[in-house]
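J.: Provided below are the primary sequence and the corresponding predicted coordinates.
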Amino acid sequence: MDSKYQSYIDLIKSKLSPYRFNHSVEVAKSAVYLAEKYGGDSEKMYVAGLLHDVLKEADRDETFYYVDKYVIPLTVLEEVTPKLWHAIVGAEFIRNELGIDDDEIITAVRYHTTGRKNMTLSEKILFIADFISADRDYNGADEMRERAEKSLECAMDMGLSFTIADLVEHGRPVHPDTVDAYNDIKLQE
């Protein structure tokens, strides 16, 4: 698949540090694995995985250049939470700058950090792939991988719980989409 998407590989290599580039490649691999396991589109998930962090290392000026250029509405919480910018702005970047008009890819990138209520299969796959990629070695990564083998929802439950607990522990606000995603998973149990 790599040669078909060499331009995307070249782009992220030019925009990201070696660490973040490697992470993006590993997320793409995990996304393909999960797509094949759970009936998703592996090619779309490969692209989403490669590009999910395309603007992760963009500075504030570059980020807000695209916010202004594409008239991206940000909530007050989003404006003051730099960790969310790359997903929101990255989705519009790949739509407008790369000409990707596939909603499965766009929304997977858009919601890979926050999640949201009624997540699609593609959104769940990328959300989990970002947690379980081979380069991840945080405390709980192996358990997350085991959960991803059981079901996407089982892994989503852990991922969302981890995210919310981490934000609360550090005194940061929790995005409403994350709360909605967590509640949605809990209500499905």
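T.: Yep, it's here.
J.: How many residues are close by residue 58?
T.: Here the number of neighbours of residue 58 (other Cβ atoms under 10 Å) works out to 19. Any C-beta I mention is one placed from the backbone N, CA and C, and that applies to glycine too.
J.: secondary structure class for residue 139?
T.: coil (DSSP: H, G, I helix; E, B strand; the rest coil).
J.: can you pull the contacts of residue 107?
T.: By Cβ atoms under 8 Å, 6 or more residues apart in numbering, residue 107 lies in contact with 91, 120, 122, 123.
J.: Could you identify the longest helix within this structure?
T.: Longest among the helix segments of the chain by residue count, using DSSP state H, is helix 18-38.
J.: Please name every helix or strand in contact with the next helix or strand after that one.
T.: Per DSSP states H and E, the first helix or strand lying C-terminal to helix 18-38 is helix 42-51. The helices and strands touching helix 42-51, judged by 3 or more Cβ pairs under 8 Å, 6 or more residues apart in numbering; DSSP states H and E, are helix 6-15, helix 18-38, helix 103-110, helix 121-132.
J.: could these go into TSV alongside distance to residue 181 and mean pLDDT?
T.: TSV is the format used below for the helices and strands packed on helix 42-51 (distance: least, Cβ to Cβ, whole Å; pLDDT from 0 to 100):
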stretch	distance to residue 181	mean pLDDT
helix 6-15	26	96
helix 18-38	17	98
helix 103-110	13	98
helix 121-132	8	98
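J.: so how far does stretch 53-68 reach from one end to the other?
T.: Taking Cα to Cα, to the nearest Å, stretch 53-68 runs 20 Å from one end to the other.
J.: could you give the mean pLDDT of that stretch?
T.: Stretch 53-68 comes out with an average pLDDT of 96.
J.: Now for the contacts of residue 107: which two are most distant?
T.: Largest separation among those by Cβ to Cβ: 91 and 120, giving 13.6 Å.
J.: Pick out whichever of the two has more residues nearby.
T.: Neighbour count, other Cβ under 10 Å: between residue 91 and residue 120, residue 91 has more, with 26 against 15.
J.: With adjacent residues omitted, what lies nearest to the more buried one?
T.: Of all residues not flanking residue 91 in the chain, residue 110 sits nearest, at 3.8 Å (Cβ to Cβ, 6 or more residues apart in numbering).
J.: what sits against the one you found?
T.: Per Cβ under 8 Å, 6+ apart, neighbours of residue 110: 87, 88, 90, 91.
J.: can you do 7 Å?
T.: Neighbour list for residue 110: 87, 88, 91 [criterion: Cβ atoms under 7 Å, 6 or more residues apart in numbering].
J.: separation between it and residue 142?
T.: 28 Å (Cβ to Cβ, to the nearest Å).
J.: In this structure, which residue is most central in space?
T.: The centroid of the chain falls nearest to residue 112 when counting by Cα atoms, centre = their mean (2.5 Å).
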